[in-house]
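Asks: Here is a sequence with its predicted model. Questions after.
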Amino acid sequence: MDKKKIAVLVGSLRKESFNRKIAKQVMQMAAQSLDIEIVEIGQLQHYNEDLDGENPPAEWVAFRKKIKEADGYLFVTPEYNRSVSGVLKNALDVASRPYGQNAWGGKPGAIISSSMGPLGGLAVNHVLRQPMVFLNVYMMQQPEAYIGNSYTLFDEQGNLVKEESKQFLLDWTNAFIEWVNKF
């Protein structure tokens, strides 16, 4: 069986992003079962329908192609002001336009949210599920992944240092692999 191709979108652009570190841990855990890669979103120009004619920006075209070719999606994101980061919302918009050409639709997805605080990005996890209904992405319901106090989880090399966090991510990753393979 061919490995499912999963596009990972990280909702933080910060160089030392804890979300990127979490994404890389999940990618390592899933590497034998999934073809999984981070699809960068920071280079995407803000969506503007006026630019989406015969010659849309090249980065939009390349991004849409990657999203369309993926078999599923993993969103790993921080919470910004009880909502989704602007860069991640822009990525959703770019790949869902022009109207009627949604590149996301009909595929499985999941969310891992994290925060420096104890709530683990609870709000963004639920806010991000709302556009997924319209985009027709089938979101994994359980287990949920809200990772709080993310600044305490990694050593200087970006490795998880807490065994319970490793086990949680491994269990979550296995559930995600099972979810993706149902499609």
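Replies: Thanks, I have it.
Asks: ok, for the most centrally placed residue in the chain, nearest residue in space, not its chain neighbours?
Replies: When CA atoms, centre = their mean is applied to the chain, the residue found nearest the centroid is residue 75 (1.5 Å). Among residues not flanking residue 75 along the chain, residue 111 sits closest, at 4.8 Å (CB to CB, 6 or more residues apart in numbering). C-beta here means a position set from N, CA and C on the backbone, and glycine is covered the same way.
Asks: separation between the residue with the largest distance to the centre of the chain and residue 61?
Replies: Farthest-out residue of the chain from its mean C-alpha position, per CA atoms, centre = their mean: residue 54, at 28.8 Å. Taking CB to CB, to the nearest Å as the measure, residue 54 falls 12 Å from residue 61.
Asks: Any idea how far apart the tips of stretch 68-86 sit?
Replies: Across stretch 68-86, the terminal residues are separated by 21 Å (CA to CA, to the nearest Å).
Asks: What residues of that stretch count as buried?
Replies: Buried residues in stretch 68-86, defined by neighbour count with 16 or more other CB atoms under 10 Å: 70-80, 84-85.
Asks: For those residues, work out which two are farthest apart.
Replies: Put simply, by CB to CB the two of these set farthest apart are 71 and 80, 28.2 Å from each other.
Asks: Report the beta-bridge partners for residue 7.
Replies: Beta-bridge pairing for residue 7 (DSSP bridges): residue 37, residue 73.
Asks: circling back to that earlier point, in a markdown table, list the buried residues of stretch 68-86 along with secondary structure, distance to residue 96 and pLDDT.
Replies: Below are the buried residues of stretch 68-86 laid out as a markdown table (DSSP: H, G, I helix; E, B strand; the rest coil; distance: CB to CB, whole Å; pLDDT from 0 to 100):
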| residue | secondary structure | distance to residue 96 | pLDDT |
| --- | --- | --- | --- |
| 70 | coil | 14 | 98 |
| 71 | coil | 18 | 98 |
| 72 | strand | 16 | 98 |
| 73 | strand | 12 | 98 |
| 74 | strand | 18 | 98 |
| 75 | strand | 14 | 98 |
| 76 | strand | 19 | 98 |
| 77 | strand | 17 | 97 |
| 78 | strand | 22 | 95 |
| 79 | coil | 22 | 92 |
| 80 | strand | 20 | 91 |
| 84 | coil | 14 | 96 |
| 85 | coil | 17 | 96 |
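Asks: In CSV: the residues you listed, plus distance to residue 171.
Replies: Shown next, in CSV, are the buried residues of stretch 68-86 (distance: CB to CB, whole Å):
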residue, distance to residue 171
70, 23
71, 22
72, 18
73, 20
74, 15
75, 19
76, 16
77, 20
78, 22
79, 23
80, 27
84, 25
85, 26
